[in-house]
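Participant: Sequence and predicted model, in that order:
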Amino acid sequence: MTSIVSLHRGTAPLLISLPHNGTHIPDALAARMHPAAQRSVDTDWHVSRLYEPLAEMLGASVLKPLASRYVVDVNRPADGHALYPGQRETGLVSTVGFDGEPLYLDGQEPTADEVQRRVNEFWRPYHEALSQELERLRAEHGRVVLWEGHSIRSRVPMLFEGRLPDFNLGTADGTSCTPPLQQALQTVLQGQSRYSHVVNGRFKGGYITRHYGRVHAGIEAVQLELAQLNYMDEDSFAYDDAKAAHVQELILQLLRHCV
């Protein structure tokens, strides 16, 4: 499992999941893809760099995959069902990128059997680790918060119109966490003026947030989708320490309400 996922076990009742942090694409697979796709350009760039120092401060667990979302998207249901019916989106094993362009060379798209192999090899280990760590923390503390850390380019015409708000909080329309936690997080966002924000807008929470957020069982789940221009250069993918410091300050305030 350690070759597929990376798990740092913490002591606080908080698990930070970074499902789109990975960039690795096996060589045999990369050879079937267009050059741009080989760079895994739709990665949630640098989210581990944003979150890991905060996790250390808070004693939180951190889980991340090593493989790119182009290999398999662990934040999609294993049966491939759409997360946002009626809206355009990438899938479990997507054949197009966020720009709508094909990822694979002609005739090199994955077959149904290959998709299932990727699910078994990459998707299942991530969810096994996620489930086990949530249960460990819940058993120890009586409750646990699962924080889904994501980021995306500020403008992705295929997925949404115009510029995305800076902080996009998703709680599956209030079903994946308790009302007091959602209200506390909203209050933090409303109490600052540096960043725009929205709650349950275009990004309401992906499969992980919706599937694991079980308030009655003591597991709350929240997704935060960040607009990448606030902490990096979206063209070169370069991390911007000065910008990132301000983003981290606000994320830390949010995470403190979770623990």
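Facilitator: Here it is on my side, so go on. Numbers count the residues shown, from 1 in each chain.

Participant: As a check, name the ranges of all strands in the stretch 1-150 of the chain.
Facilitator: With DSSP state E, counting those that start in this stretch as the criterion, the stretch 1-150 of the chain has strands at 5-8, 14-17, 61-65, 144-152.

Participant: Let me have these in CSV, extended by mean pLDDT.
Facilitator: Shown next, in CSV, are the strands of the stretch 1-150 of the chain (pLDDT from 0 to 100):
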stretch, mean pLDDT
strand 5-8, 97
strand 14-17, 98
strand 61-65, 98
strand 144-152, 98
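
Participant: Would you mind giving those strands as a markdown table with distance to residue 135 and mean neighbour count added?
Facilitator: Bear in mind the C-beta positions are built from the backbone N, C-alpha and C, glycine included. Listed next are the strands of the stretch 1-150 of the chain as a markdown table, based on distance: least, Cβ to Cβ, whole Å; neighbours: other Cβ atoms under 10 Å:
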| stretch | distance to residue 135 | mean neighbour count |
| --- | --- | --- |
| strand 5-8 | 13 | 17 |
| strand 14-17 | 10 | 27 |
| strand 61-65 | 12 | 24 |
| strand 144-152 | 9 | 26 |
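
Participant: With distance to residue 115 added, can I get these in TSV?
Facilitator: TSV is the format used below for the strands of the stretch 1-150 of the chain (distance: least, Cβ to Cβ, whole Å):
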stretch	distance to residue 115
strand 5-8	19
strand 14-17	22
strand 61-65	17
strand 144-152	23
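
Participant: now for these, which one comes closest to residue 45?
Facilitator: With distances scored as Cβ to Cβ, the stretch of the strands of the stretch 1-150 of the chain nearest to residue 45 is strand 144-152 (6.6 Å).

Participant: which residues of the stretch 151-259 of the chain fall in strands?
Facilitator: 167-170, 197-199, 219-227.

Participant: Mean pLDDT and mean neighbour count added to those strands, as JSON lines?
Facilitator: Output for these, formatted as JSON lines (pLDDT from 0 to 100; neighbours: other Cβ atoms under 10 Å):
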{"stretch": "strand 167-170", "mean pLDDT": "98", "mean neighbour count": "24"}
{"stretch": "strand 197-199", "mean pLDDT": "97", "mean neighbour count": "18"}
{"stretch": "strand 219-227", "mean pLDDT": "98", "mean neighbour count": "25"}
